[in-house]
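> Sequence below, structure please.
(one chain, ligands or ions: 1)
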Amino acid sequence: MVEVNSPSDILLSPISTQPTSLTPDRVNAPPVPALGEGSDLEDTDSGYSGSSVIGYETKTLPSYVTDYRFEYGRRYHAFHDGAYWGPNDKHAEVLQELAHRMYYTTLGNRLYLAPLVTPQEILDVGTGTGIWAIETADEYPSARVTGVDLSPIQPSFVPPNCSFEVDDVTMPWTYASNRFDLIHVREMFGSIPDWDTFFRQCWECLRPGGYVEVVEHSVEPISEDGGLGSNHIYPLWGESIALAGQASGKSFSIWRDSAQRLKDTGFQDVVRLNYRWPTHGSGTDARLCELGRQNQIRLHHEAEDISLRLLTSTLKWPYKLAQDFIAQMRFVLKHDETHAYVPVTVVYGRKPDRTSNTHH
Ligand SMILES: C[S@@+](CC[C@H](N)C(=O)[O-])C[C@H]1O[C@@H](n2cnc3c(N)ncnc32)[C@H](O)[C@@H]1O
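Numbers count the residues shown, from 1 in each chain. Reported below is the predicted structural model:
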C-alpha cells in the first residue's frame, strides 16, 4: 500500500504563485477535434477484424481507439484508457517534437548511439508523434521501421519503409522472436509497470547481436551548486511525480535504473552515457546554452503535460491546487536564478550473438 502525501504536505514552499495562462477556464475550453474528424484517415477504407488495430494508415480506426478522453481541456488516449499519464493533443505533440530535437543535438546529431551500421528491422516503442521512427526510416531506407503507441497521432504521409501500429506494449508482445536489429525506447518513464518483463520481451524479439537503446531523463531538476533547499519547487516537483509513479505502480526513475536492469536481463556490453540538460540558458558552452534554453521552454510548457493527470487523477489533488502547483513550477522555471539541470541517460545493450534465446 502506497502512502500518498496530501497536497498540503507537498506545498510547503513559500514561493509566490503567479497567474498562469492555464487558468481553470480551460475546464470549459472547447475540445480539440478528435483525430479522424476532418483528417485524411476519414476518407479511407474501413475494416478491422478481431482485436487487431494494426495497419491503420489505410483504415478507419475503431472508436475505442479514437474516442479520446478529455480532462480539464486536455485530450488523452482512448485505447486502454488511463494507461498513460500524458495528453495526446497538438500541444503535447509540439513538445514531443522539441524534445526530439533536443535528444538529436545531445546525441551529436544522431538518432541512436548503439553500434549498429545498417539495421534492417527497427522497433520504436511508444513512438508518440512518430518523429524518431520517420527520421530513422529516412536515414536507413533499406530498413523497416515500426512505431507502436496507444495513440494513433502519427502522420499519414511517411516514408514507405515506416509504419505505425496501435498497441499496448505492457501486454504480451506478438512480434516474432529474433526479429529486430534495434529496439528504441525513449521517454517511457511512468508508463511501464514491470521493466524486467518489458526488457525480457525486448530480448525475445531482438535477433542475436541486436541492440536495445533506452533514452530517458529525470523529472527532478538538480542544483548545479547544491543550492536547492528541500522546500524549493524542484525537489517538491520531483517528489510529487515520484509519488504519483509509486501510486500508479509505474516509476519515473528508469533513467537511473536502465543500465542495471539491462545487465540483469542478460544484455551484454551495456553502455551508459550521462548528459545534462540545464534549466537555463546561461554559461560558456554555446551548445549547452541552447539546450538549456530549449529545456527551459519545454519544461515550462510540459509542467502541465507531465503532471496534470498524475496530480488530479492519480494523487487525487483538486484541480485548482494542481494548477497552483504547476504555476509555481512554471514561475520558477521562468524567473528563478537557480542553476539547475536535468540528468539524461542513454543506455544500450546487446543481445549476445550466440544464445539459446534464454535470458537470465
Ligand atoms: C513521452 S511520450 C514519448 C514519445 C516518443 N518516444 C518520443 O520520444 O518522441 C510517451 C509515449 O509513450 C506512449 N505510451 C505510453 N504507454 C504506452 C503503452 N503501454 N503502450 C504503447 N505506448 C505507450 C504514449 O502514448 C506516448 O506517445
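> helices or strands up against the longest helix along the chain?
Looking across the chain with DSSP state H, the single longest helix is helix 286-309. If you count contacts as 3 or more Cβ pairs under 8 Å, 6 or more residues apart in numbering; DSSP states H and E, helix 286-309 packs onto strand 74-76, helix 90-106, helix 233-248, strand 268-278, helix 319-335, strand 340-350. Glycine gets a C-beta too; all of them are placed from N, C-alpha and C.
> now the angle from the fifth one to helix 233-248?
Inter-element angle recorded for helix 319-335 and helix 233-248: 140 degrees (by axes from the mean of the first three to the mean of the last three Cα atoms, to 10 degrees).
> Please identify the buried residues of helix 319-335?
Across helix 319-335, burial judged by 16 or more other Cβ atoms under 10 Å covers 321-323, 325-333.
> Next, format those residues as TSV and append pLDDT.
Shown next, in TSV, are those (pLDDT from 0 to 100):
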residue	pLDDT
Leu321	97
Ala322	97
Gln323	97
Phe325	97
Ile326	97
Ala327	97
Gln328	95
Met329	95
Arg330	94
Phe331	93
Val332	92
Leu333	91
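> farthest-separated two in those residues?
Checked with Cβ to Cβ, the buried residues of helix 319-335 reach their widest spread between Leu321 and Leu333, with 19.0 Å between them.
> picking that back up, is there proximity between the longest helix of the chain and the ligand?
No - judged by Cβ under 6 Å from any ligand atom, helix 286-309 stays clear of the ligand, getting no closer than 8.5 Å.
> what about the strands in the stretch 1-150 of the chain?
45-46, 59-60, 69-71, 74-76, 121-125, 144-149 (DSSP state E, counting those that start in this stretch).
> Among those strands, which comes closest to the ligand?
strand 144-149 (4.4 Å; Cβ to the nearest ligand atom).
> want to throw the buried residues of helix 319-335 into a markdown table with distance to Ser313?
Output for the buried residues of helix 319-335, formatted as a markdown table (distance: Cβ to Cβ, whole Å):
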| residue | distance to Ser313 |
| --- | --- |
| Leu321 | 13 |
| Ala322 | 10 |
| Gln323 | 14 |
| Phe325 | 15 |
| Ile326 | 14 |
| Ala327 | 19 |
| Gln328 | 20 |
| Met329 | 18 |
| Arg330 | 20 |
| Phe331 | 24 |
| Val332 | 24 |
| Leu333 | 24 |
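> Kindly report the residues of the stretch 101-250 of the chain close to the ligand.
Residues of the stretch 101-250 of the chain lying near the ligand (Cβ under 6 Å from any ligand atom): 126-128, 131-132, 148-151, 168-170, 186-188, 191.
> thinking again about what came up before, using CSV, lay out the strands of the stretch 1-150 of the chain together with mean neighbour count, mean pLDDT and distance to Ala242.
Listed next are the strands of the stretch 1-150 of the chain as CSV, based on neighbours: other Cβ atoms under 10 Å; pLDDT from 0 to 100; distance: least, Cβ to Cβ, whole Å:
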stretch, mean neighbour count, mean pLDDT, distance to Ala242
strand 45-46, 8, 30, 44
strand 59-60, 16, 69, 40
strand 69-71, 15, 95, 22
strand 74-76, 23, 97, 21
strand 121-125, 24, 98, 23
strand 144-149, 23, 98, 25
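> In three-state terms, how would the closest residue to Pro172 other than its chain neighbours be classified?
Excluding the flanking residues, the one nearest Pro172 by Cβ to Cβ, 6 or more residues apart in numbering is Gln201, at 7.5 Å. Secondary structure for Gln201, judged by DSSP: H, G, I helix; E, B strand; the rest coil, is helix.
> Gln201 contacts Thr170, correct?
No - the pair Gln201 / Thr170 is not scored as a contact, 9.4 Å apart, by Cβ atoms under 8 Å.
> Can you show me the helices along the stretch 1-150 of the chain?
Ranges of helices in the stretch 1-150 of the chain, per DSSP state H, counting those that start in this stretch, are 7-10, 63-66, 90-106, 131-139.
> want to throw those into a markdown table with mean pLDDT and mean neighbour count?
Output for the helices of the stretch 1-150 of the chain, formatted as a markdown table (pLDDT from 0 to 100; neighbours: other Cβ atoms under 10 Å):
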| stretch | mean pLDDT | mean neighbour count |
| --- | --- | --- |
| helix 7-10 | 33 | 14 |
| helix 63-66 | 91 | 16 |
| helix 90-106 | 97 | 17 |
| helix 131-139 | 98 | 20 |
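> For His217, find the nearest of those helices.
Across these, closest to His217 is helix 90-106 (Cβ to Cβ), at 8.8 Å.
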